[in-house]
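Student: what follows is a predicted structure for the sequence shown.
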Amino acid sequence: MSHRLNPSRRRRPGAACVRACVRACVRVGAGPWWHVGLRACAVGLLAAACAAPRHDEGSHRHDEHVHFPHPLVVETPSPDTKLRFDASHRSEIGEDGEPDAHRTTVRVEGEYAFDDTISLEMDVPYEQLDPEHAGSHGHLGTVELGLKLASYPADTTNLLLGGGLELGLPTGKDSRDIGSNNVLEIEPFLDAGYRMGSLDVIAFLTFGFPVNENGDNEADLEFGQQLALIQHFESSLQGLLELEREHVYGGEEDDQTRVSITPGIKFEPTDDPSLQLGFGVSLPLTHEKDFHSDVIFSVFKHF
């Protein structure tokens, strides 16, 4: 539960929006810059979709509708049938700003699409935490169940609009700082995907509500914005640039904002296009951060 620059360089509203967004995103400014930049880009992409001409995507098309590939961090808006295996290693930061622990996560995700408008998915992570001054320990993290819906406007072949709902189950262990064993997370989301030649643009808005929390430590709302650019250099190679922003309302982290960027690549190691490998590194961009870096390796198998 990520993704490019138009080689023809034709001046279109969507391409101009992407260039403006990239210029804004590479500036590590204050929180409001990111808030305005990501929201403006998402609105601009949807507006550009109505004005942009149609494209014949050939091998990029999935049945009669546009189909978007999977980023590494951001989800794809396209319902799909796949198995995904992730391994990541994160260097975490303590409250004093010093290195605090290393967290290794192995994740299995399965998704089944009933058709190209609806799918169900399940994400099962196992985390191994290695604190700086204590012994390592592992436990099942937060298992996530998701419903994804997609619609395709009739006046364009390059746009997907959708949304859905994700549930985070209390399968973790609070005492081990791995997920939670009492908090149920409810996260509705809205998403959109737009294709401009060899460039795919994906945007998500998420709204996370924890349920059954103990005390006042848990947030009342986690508002997330995600943007993924996927450049198809060729049919078997993709370059990725992903941005994530999260703002917390309530709880011990009230009014905190975190932004991260993840450059990466995806490629097909064999002649089988249904098998893909991905690699990326997530880096924090704001002063408020809880990790130094997060290295991600993914294997995708589509059916």
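Tutor: Nice, thanks for sending it over.
Student: pLDDT at the residue nearest the centre of the chain, what is it?
Tutor: Closest residue to the average C-alpha location of the chain: V74 at 1.2 Å, with C-alpha atoms, centre = their mean. With respect to pLDDT, V74 has a value of 96.
Student: from Q238, how far off is it?
Tutor: 13 Å (C-beta to C-beta, to the nearest Å). No exception for glycine: its C-beta is placed from N, CA and C like everyone else's.
Student: ok, back up a step: now the residue nearest to the centre of the chain: how far from V201?
Tutor: Taken as C-beta to C-beta, the span from V74 to V201 is 11 Å.
Student: again, but for L72
Tutor: For L72, the distance to V201 - C-beta to C-beta - is 16 Å.
Student: repeat that for F85.
Tutor: In terms of C-beta to C-beta, F85 sits 26 Å off from V201.
Student: more neighbours, the two?
Tutor: V201 (27 against 13; other C-beta atoms under 10 Å).
Student: thought that one was touching D191?
Tutor: No - in this structure V201 lies outside contact range of D191 using C-beta atoms under 8 Å: 11.4 Å.
Student: isn't T286 right next to V259, touching?
Tutor: Yes - using C-beta under 8 Å, T286 makes contact with V259 at a distance of 4.6 Å.
Student: the two: who's more crowded?
Tutor: The residue with more neighbours, out of T286 and V259, is V259; 26 against 17, by other C-beta under 10 Å.
Student: the more buried one is in what secondary structure piece?
Tutor: Assigned by DSSP states H and E, V259 belongs to strand 257-267.
Student: for N182, helix, strand, or coil?
Tutor: Going by DSSP: H, G, I helix; E, B strand; the rest coil, the secondary structure assigned to N182 is coil.
Student: contact partners for the nearest residue to E246 once chain neighbours are set aside?
Tutor: In space, and not counting its chain neighbours, E246 is closest to G224: 4.7 Å by C-beta to C-beta, 6 or more residues apart in numbering. Shown in contact with G224 (C-beta atoms under 8 Å, 6 or more residues apart in numbering): F204, L205, T206, F207, G208, E244, R245, E246, H247.
Student: where does the prediction get shaky in this structure?
Tutor: Residue ranges of the chain with pLDDT under 70: 1-63, 96-97, 213-218.
Student: and stretch 243-261, which residues are buried?
Tutor: 243-248, 250-251, 253, 256-261 (16 or more other C-beta atoms under 10 Å).
Student: could you give the bridge partners of Y249?
Tutor: Beta-bridge partners of Y249, counted by DSSP bridges, are L221.
Student: roughly how far apart are it and K289?
Tutor: From Y249 to K289 the distance is 19 Å (C-beta to C-beta).
Student: same check on L277?
Tutor: L277 is 28 Å from K289, by C-beta to C-beta.
Student: still on that earlier bit, wait, the residue nearest to the centre of the chain sits on E242?
Tutor: Yes - using C-beta under 8 Å, V74 is in contact with E242, at 5.2 Å.
Student: contacting residues for P210?
Tutor: Here P210 is in contact with V183, L184, E185, I186, E218, A219, D220 (C-beta under 8 Å, 6+ apart).
Student: helix, strand, or coil at it?
Tutor: strand.
Student: beta partners of it?
Tutor: Here P210, judged by DSSP bridges, has bridge partners E185.
Student: shouldn't the residue nearest to E246 be within a strand?
Tutor: Yes - per three-state DSSP, G224 lies within a strand segment.
Student: so the closest residue to F297 other than its chain neighbours is in which element?
Tutor: With sequence-adjacent residues excluded and distances taken as C-beta to C-beta, 6+ apart, F297 is closest to A87, at 5.0 Å. Using DSSP H and E, A87 falls within strand 82-93.
Student: picking up where we left off before, columns distance to L140 and secondary structure on top of the contacts of G224, output as JSON lines?
Tutor: Formatted as JSON lines, these follow (distance: C-beta to C-beta, whole Å; DSSP: H, G, I helix; E, B strand; the rest coil):
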{"residue": "F204", "distance to L140": "25", "secondary structure": "strand"}
{"residue": "L205", "distance to L140": "28", "secondary structure": "strand"}
{"residue": "T206", "distance to L140": "23", "secondary structure": "strand"}
{"residue": "F207", "distance to L140": "25", "secondary structure": "strand"}
{"residue": "G208", "distance to L140": "20", "secondary structure": "strand"}
{"residue": "E244", "distance to L140": "24", "secondary structure": "strand"}
{"residue": "R245", "distance to L140": "28", "secondary structure": "strand"}
{"residue": "E246", "distance to L140": "23", "secondary structure": "strand"}
{"residue": "H247", "distance to L140": "28", "secondary structure": "strand"}
